[in-house]
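**Q** Curious how this folds, go ahead:
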Amino acid sequence: MCASVSFLSRALLTMGTAMRRAGYGVRLIVLATFVSVAPPPLHAAEGAPLEEAKPDRQIRNMDALSVVLLRATAPKDARSAATLGVQRQGSGIVIDNSGLILTIGYLILEADGIEVIPADGKAVPATMVGYDHATGFGLVRASAPLTIKPIELGDSATLPEREPVLIAGFDGVAPAYVVSKRQFAGFWEYLLDSAIFTAPATVNWSGAALIGRDGKLYGVGSLVVTDAVKPQTYSPGNMFVPIDLLKPILGDLIDTGRVSGPARPWIGVNTQEMQGHLVVTRVTRDGPAEKGGLKVGDIILRIGGQQIAGQVDFYRKLWSKGPAGTEIPLSVLQGAQMKDFVIQSMDRAKHVRTRTTY
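**A** Modelled structure (predicted):
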């Protein structure tokens, strides 16, 4: 029989529980090779980049789908503690036979303690292998062998819109559709050219596996969003980082913990487009922008004398100025005054207190 039939039989074991948990009235029709799901509803609550960790929640891991529960603890003085918290919880995806586990990087950023928990509930210590700020991927390795079959990587470029998929997390499986594949700009100096968006929205998305009808891995869960179908339309869903972005950097992450070559310039601002303007909503403590004089509420107008046409344009112009360490000239409206600043950019990885073990 084809591989998708075996995949279906494993997934159906917990799908009913996952659907009841998610609260969606979705009708399943079992076909010869997969699951057909009724069109996703377009109403759900808005979320945030990281769901609240619930250590006492029942573990319903999916060993058959190569997913484990991942817990990480960051020190109280971690730079990311204010935004991501100290106790973090999400999913990890086993991708090789040596215990290498893929997850979304913010779960393990600056962590000094990591453990993975398979379906038997026995925690296994893990160490951080690598983290890539550009894609958001993180890798850890279990300290002992896991009796879990690794998942095969798919080709996310071939995953079409309206394709039925499964979202597999540590607490179960939820059916969904791919509703769009498009550019995604994050407020934290982050940009993906072709992120994968699914609907309906599911809980516990952090590090969840996006699995195609062939049982292969197509993406890693990153966010819950309110505009999955298209920008500026209320259509709650989830955003996944495409697995194709991992393939060219996987070797570097395993060998050195980071991607080879010059790092992008980073200045440490969160921004949001408001009424046609790019507004600074947060300045990273002790980051280049704070040291250079930028403040919350500033409006960034030009970079290197060039007008800025939104967040994406700002990122592209910023990263085109040179490698990390390049001076970034900005023209800013600060209060009622026009001011020019020169920000000394840096490698973002050098700002966080990452504890890496290779």
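
**Q** residues contacting Val68?
**A** Asn61, Ser91, Gly92, Ile93, Val94, Ile101, Val116, Ile117, Pro118, Leu146, Ile148, Phe170 (C-beta atoms under 8 Å, 6 or more residues apart in numbering). The way it works is simple: take the backbone N, C-alpha and C, and place the C-beta from them, glycine included.

**Q** ok, now Asp340?
**A** Pro329, Leu330, Ser331, Val332.

**Q** Which parts of the stretch 101-250 of the chain are helices?
**A** Using DSSP state H, counting those that start in this stretch, the helices assigned to the stretch 101-250 of the chain run over residues 250-256.

**Q** any chance you could map the strands in it?
**A** 113-117, 124-131, 137-142, 164-169, 172-186, 190-199, 209-211, 217-225, 237-242 (DSSP state E, counting those that start in this stretch).

**Q** In the fifth one, which of the residues would be classed as buried?
**A** Within strand 172-186, the residues scored as buried using 16 or more other C-beta atoms under 10 Å are 172-181, 184-186.

**Q** from those, which two are the most distant?
**A** Checked with C-beta to C-beta, those reach their widest spread between Gly172 and Ala185, with 30.7 Å between them.

**Q** can I assume Val124 is in contact with Val94?
**A** No: Val124 is not in contact with Val94 according to C-beta atoms under 8 Å; the separation is 11.3 Å.

**Q** what's the spatially closest residue to Glu152 that is not a sequence neighbour in contact with, if anything?
**A** Spatial nearest neighbour of Glu152, chain neighbours left out: Lys216 (4.9 Å); criterion: C-beta to C-beta, 6 or more residues apart in numbering. Shown in contact with Lys216 (C-beta under 8 Å, 6+ apart): Ile151, Glu152, Leu153, Gly154.

**Q** List only those of the residues you listed flagged as buried.
**A** Ile151, Leu153, Gly154.

**Q** follow-up on the earlier one: any idea which of the contacts of Val68 is closest to Met338?
**A** Distances from Met338 to the contacts of Val68, taken by C-beta to C-beta, are shortest for Ser91, at 47.1 Å.

**Q** I'd guessed Gly325 sits against Pro265; true?
**A** Yes: taking C-beta under 8 Å as the definition, Gly325 is a contact partner of Pro265 at 7.2 Å.

**Q** These two - which one has more neighbours?
**A** Legend: neighbour count by other C-beta atoms under 10 Å for Gly325 and Pro265, higher for Pro265 (24 against 14).

**Q** one step back: out of the contacts of Asp340, which end up buried?
**A** Leu330, Ser331, Val332.

**Q** what about the second one, distance to Glu115?
**A** Same thing as Ser331. 48 Å (C-beta to C-beta, to the nearest Å).

**Q** for the stretch 51-200 of the chain, which spans come out with low pLDDT?
**A** For the stretch 51-200 of the chain, the stretches with pLDDT under 70 are 51-63.

**Q** and the residue lying closest to Val332 once chain neighbours are set aside, how many residues sit next to it?
**A** The shortest distance from Val332 to any non-neighbouring residue, by C-beta to C-beta, 6+ apart, is to Asp298 (4.8 Å). For Asp298, the neighbour count with other C-beta under 10 Å is 23.

**Q** Over to the one 5 residues further on?
**A** Taking other C-beta under 10 Å as the criterion, the count of residues near Ile303 is 23.

**Q** Grab the nearest non-local neighbour of it.
**A** Ile303 sits nearest to Lys317 (C-beta to C-beta, 6+ apart), 4.8 Å away.

**Q** mind listing what the closest residue to Lys230 other than its chain neighbours touches?
**A** Using C-beta to C-beta, 6+ apart and skipping the chain neighbours, the partner closest in space to Lys230 is Ser180 (6.2 Å). Counting by C-beta under 8 Å, 6+ apart, Ser180 touches Glu161, Phe197, Ala228, Val229, Lys230.

**Q** how close does the last one sit to Ser98?
**A** The span separating Lys230 from Ser98 equals 41 Å under the rule C-beta to C-beta.

**Q** Check Gly92 too.
**A** Separation of Gly92 from Ser98 (C-beta to C-beta) stands at 14 Å.
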